[in-house]
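> Got a sequence here, can you build the structure:
(chains A and B)
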Amino acid sequence: SQTIHQWPATLVQPVGSPLSLECTVEGTSNPNLYWYRQAAGRGLQLLFYSVGIGQISSEVPQNLSASRPQDRQFILSSKKLLLSDSGFYLCAWIGGVSYNEQFFGPGTRLTVL
Amino acid sequence: GQQVMQIPQYQHVQEGEDFTTYCNSSTTLSNIQWYKQRPGGHPVFLIQLVKSGEVKKQKRLTFQFGEAKKNSSLHITATQTTDVGTYFCAGTSGTYKYIFGTGTRLKVLA
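Below is the predicted model of the structure:
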């Protein structure tokens, strides 16, 4: 069966520090991968999506970047965090036999102080 | 750009009452999905609608896709405390990109 992992679960970082969040998927190949951000009590904002290794589509211009170094690995990064980067970061994938629903990881709660 | 709005933003109901959330897209959608997010959790897929005017049911939940494929609704009959959470619609215009609605937060009072 397929599983999706995200780490860390929670993170507190100072303004101006770097960021690296990792997402890995098991049990499937060539999935579409997504990064979303959810502010407290708000909806999901699509940040990046990837349809293959090295292919990244950016939806929101900001100080974040994404990379897909391997088929089932998706990384979200920042060189310098801003206060506005605080939120709940969710990774999701679509793929396999049922090519419709998005499966979400457990998420990372990021607080920038 | 494409926008997906949901109303209401919040809804408090007494247990046993019905609940409906509406989803409206600024553009025609190829399909629409519905998700439920429990407090503190991640979104969980409920259903996908593809055809114009499509209606699907899951026990007490009824999902509908509009004839113009620009709106959708989720109706819950006789709410229970386990229905608490935020309900999101997510639409795509045929690309790999899904735009999520603003969500409706449901509270059920026992």
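
> contacts and neighbour counts: CA atoms only from here.
Fine.

> Please name the strands paired to the helix or strand where B:I47 lies in the sheet, noting orientation.
Per DSSP states H and E, B:I47 falls inside strand B:44-49. Using DSSP bridges, strand B:44-49 pairs in its sheet with strand B:31-37 (antiparallel).

> circling back to that earlier point, identify all contacting residues around the strand holding B:I47.
A:100-104, B:31-37, B:55-56, B:63-65 (Cα atoms under 8 Å, 6 or more residues apart in numbering or on different chains).

> Can you show me the CA trace of that strand as PDB?
This file holds the C-alpha atoms of strand B:44-49, laid out as PDB (Å, rounded to 0.1, in the frame of the first residue of the first chain):
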ATOM      1  CA  VAL B  44      -9.000  13.300   3.500                       C
ATOM      2  CA  PHE B  45     -10.600  12.600   0.100                       C
ATOM      3  CA  LEU B  46     -14.300  12.100   0.000                       C
ATOM      4  CA  ILE B  47     -15.400  12.000  -3.600                       C
ATOM      5  CA  GLN B  48     -14.800  13.200  -7.200                       C
ATOM      6  CA  LEU B  49     -17.500  14.400  -9.600                       C
END
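
> What residues does chain B have near chain A?
Residues of chain B lying close to chain A by Cα under 8 Å from any Cα of the partner chain are B:33, B:41-45, B:47-48, B:88, B:96-103.

> Show me the strands in chain A, by range?
With strands called from DSSP state E, chain A shows them at A:3-7, A:10-13, A:19-26, A:32-38, A:44-52, A:55-58, A:64-70, A:73-78, A:87-94, A:103-104, A:108-112.

> Just name the most buried of those.
strand A:87-94 (a mean of 25; mean count of other Cα atoms under 10 Å in any protein chain shown).

> Residues in a beta bridge with B:G85, which ones?
B:L106.

> can you pull the pLDDT of it?
At B:G85, the model reports a pLDDT of 97.

> try the one 3 residues further on
Looking at B:F88, its pLDDT stands at 97.

> Kindly report the same for A:V97.
With respect to pLDDT, A:V97 scores 56.

> Tell me the bridge partners for the residue most central in space within chain A.
The C-alpha lying nearest the average C-alpha coordinate of chain A belongs to A:W35 (Cα atoms, centre = their mean; 3.2 Å). Taking DSSP bridges as the rule, A:W35 bridges to A:F48, A:C91.

> Let me see the contact set for it.
Contacts here follow Cα under 8 Å, 6+ apart; on that basis A:W35 touches A:L46, A:L47, A:F48, A:Y49, A:L76, A:Y89, A:L90, A:C91, A:A92.

> and those, which two are the farthest apart?
Within these, two members stand farthest from each other by Cα to Cα: A:Y49 and A:Y89, at 13.4 Å.
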